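K.L.:
show me the folded form of this:
(chains A and B)
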2 protein chains.
Amino acid sequence: MKRIAIIGLGIIGGSICAALTKAGYAVDGTDIDEKTVTYALNKGYICGKAEDISDYDVVFVATPPRATINILDTYSFKDGAIVCDICGVKQAIERVVYSKSRAYKYVGLHPMAGKETSGITSASAELFAMANLVIVLADKTDASAVKEIKGDAKAMRFGKIVECTAEEHDKKIALTSQLAHVVSNAYVKSPQVADCDGFTGGSFQDMTRIAGVDEGIWTELYFHNREYLLAELNGLIANLEAYKIALEKEDENAMKETLKEGRLLRENIKFKRK
Amino acid sequence: MKRIAIIGLGIIGGSICAALTKAGYAVDGTDIDEKTVTYALNKGYICGKAEDISDYDVVFVATPPRATINILDTYSFKDGAIVCDICGVKQAIERVVYSKSRAYKYVGLHPMAGKETSGITSASAELFAMANLVIVLADKTDASAVKEIKGDAKAMRFGKIVECTAEEHDKKIALTSQLAHVVSNAYVKSPQVADCDGFTGGSFQDMTRIAGVDEGIWTELYFHNREYLLAELNGLIANLEAYKIALEKEDENAMKETLKEGRLLRENIKFKRK
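P.N.:
Numbering: from 1, shown residues only, chains lettered A, B, ... in the order given. Below is the predicted model of the structure:
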């Protein structure tokens, strides 16, 4: 039976452990925080602490971007091991991984799942159920490794699995994840936000849910994807100007057309809520 | 037993019918669309069609803003009847209602509940469960009418009920509802949006859920609250500029501080998800 380890037991790493364990796998885990390892052991998310990473056939690295890059670049993985990361940016990871030959087989993953909270206490065996998973492929990607990881992903109950290049991933994620976190974080800066208890509904809750980002991790993610995010942010600001101008000019027809354009685009998005 | 009618059987009016019926009330309803009335009858949301509005002791007007203003201004309600509207703007309504003496007692309501879909088929007896309800008070508001409507609101299972002036309502709603609909509608205008199937998670889904607004109704709402919405929209654009500048200047510390500011504000918002 293949030996599996997870490095970094935050919400994503902890949920990988929990989901694989629930599916019948035996997995080990490790974290820089000993209490986190103890929590994962007590919860039954892991069988034991992963001590020597070169013992494992499959390793999921589930740490922030810079730590991930360091681990992928310097750790002594087993020859032929499959090593996956779960980072929200991929070109920066590939640049390091493919900068020299590696004894391990790298497969880049981005589980499109998360919560507005973080850490092992937010982990859950159900986090990935029906969620999208992006697998990032390069010329050097080992096809059999991808096949094996897809099997593991199905065990974790991911829904749709899509494959693309790191560039395509980073470009799309600038819109579907990074910009959303910027907007939510900006949204709560209205001077009124402190006094709106009782005046909110689902729209406000959705808009502000992810505002409380970990500024350290997200700054890393944004700066590893600076140009794509900047393009999306500039695009959004330009689009918001159209509503502003319609209001300033008291042009109801322009507002109606601007809203209609968005409605028609929205109707073409496949919308799936877990 | 008091006689209750609902005018306009969309998602809100239909849900008022359904919730009151479920609570044991007998209510009648009417709509400009006969098929909608038939649907409400078949679903058991209403006992009958409301034919003569002057027969009713309590009337909920649940139509778009301009129709609501027309109804409140011109219909012949019963002397002493309580008449409520559910519009998302309140100063515009009060200006008309209080422009002359009325035989009815007006109570302005704004249920902070909705869905990304509309119409009677989206109505539900549970729509208001745990939702916030804003009751708008003016000098002329009848206190006993407010007390009675609060009882009805509890029967509909609203959660928190807050009271304020029309001005306060309109100002806060510009942030908590109107701006959210603008942002969501603008968000889907990225050129990438058509190709992001499989690359989305909860953040994107939350951000784009309400993008498909009815441009007719929302243009009315926005132009009845133009100045407050414009202030919020200008504020958001200005706040988004800070992230943009941090990215442009490659200033990671500025980004970190900008994100941290939002995180701290977010942590002070009471967050309740149904």
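
K.L.:
remind me, longest strand of chain A?
P.N.:
When secondary structure is assigned using DSSP state E, the longest strand within chain A turns out to be strand A:105-112.

K.L.:
which residues touch the residue nearest the centre of chain A?
P.N.:
When C-alpha atoms, centre = their mean is applied to chain A, the residue found nearest the centroid is A:G88 (4.7 Å). With contacts defined as C-beta atoms under 8 Å, 6 or more residues apart in numbering or on different chains, the neighbours of A:G88 are A:P65, A:H110, A:I173, A:S177, A:Q178, A:L221. For the C-beta atoms, the positions are set from N, CA and C on the backbone; glycine is no exception.

K.L.:
next one: the fourth one, what pLDDT does it get?
P.N.:
The one in question is A:S177. Per-residue confidence for A:S177 comes out at a pLDDT of 97.

K.L.:
make sure it is indeed in a strand.
P.N.:
No. Inclusion of A:S177 in a strand is not indicated when DSSP: H, G, I helix; E, B strand; the rest coil is applied; the result is helix.

K.L.:
which residues touch it?
P.N.:
With contacts defined as C-beta under 8 Å, 6+ apart, A:S177 is in contact with A:G88, A:M112, B:G201, B:S203, B:F204.

K.L.:
also the third one?
P.N.:
The contact partners of A:I173, taken as C-beta under 8 Å, 6+ apart, are A:G88, A:V89, A:H110, A:V134, A:N225, A:Y228, B:F199.

K.L.:
before we move on, the earlier item: state the distance from the residue nearest to the centre of chain A to A:I12.
P.N.:
Taking C-beta to C-beta, to the nearest Å as the criterion, A:G88 is separated from A:I12 by 10 Å.

K.L.:
what does the model give the nearest residue to A:A138 once chain neighbours are set aside for pLDDT?
P.N.:
The shortest distance from A:A138 to any residue other than its chain neighbours is 5.9 Å, reached at A:E94 (C-beta to C-beta, 6 or more residues apart in numbering or on different chains). According to the predicted model, the pLDDT of A:E94 comes to 98.

K.L.:
and chain A, what are its domain boundaries?
P.N.:
Under automatic domain parsing, the residue ranges defining each domain of chain A are A:4-164, A:169-267.

K.L.:
export these to a markdown table and append columns for distance to B:D152.
P.N.:
Rendered in a markdown table, the data for the domains of chain A read as follows (distance: least, C-beta to C-beta, whole Å):
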| stretch | distance to B:D152 |
| --- | --- |
| domain A:4-164 | 34 |
| domain A:169-267 | 18 |
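
K.L.:
with respect to burial, which of those domains scores highest?
P.N.:
Comparing these by mean neighbour count (mean count of other C-beta atoms under 10 Å in any protein chain shown), domain A:169-267 comes out on top with a mean of 21.

K.L.:
the stretch 1-150 of chain A: helices as residue ranges?
P.N.:
With DSSP state H, counting those that start in this stretch applied, the stretch 1-150 of chain A shows helices at A:11-22, A:34-43, A:65-74, A:91-97, A:143-155, listed in chain order.

K.L.:
would you list those helices in TSV and tack on distance to B:V188?
P.N.:
Supplementary listing: these in TSV, determined by distance: least, C-beta to C-beta, whole Å:
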stretch	distance to B:V188
helix A:11-22	27
helix A:34-43	38
helix A:65-74	28
helix A:91-97	25
helix A:143-155	28
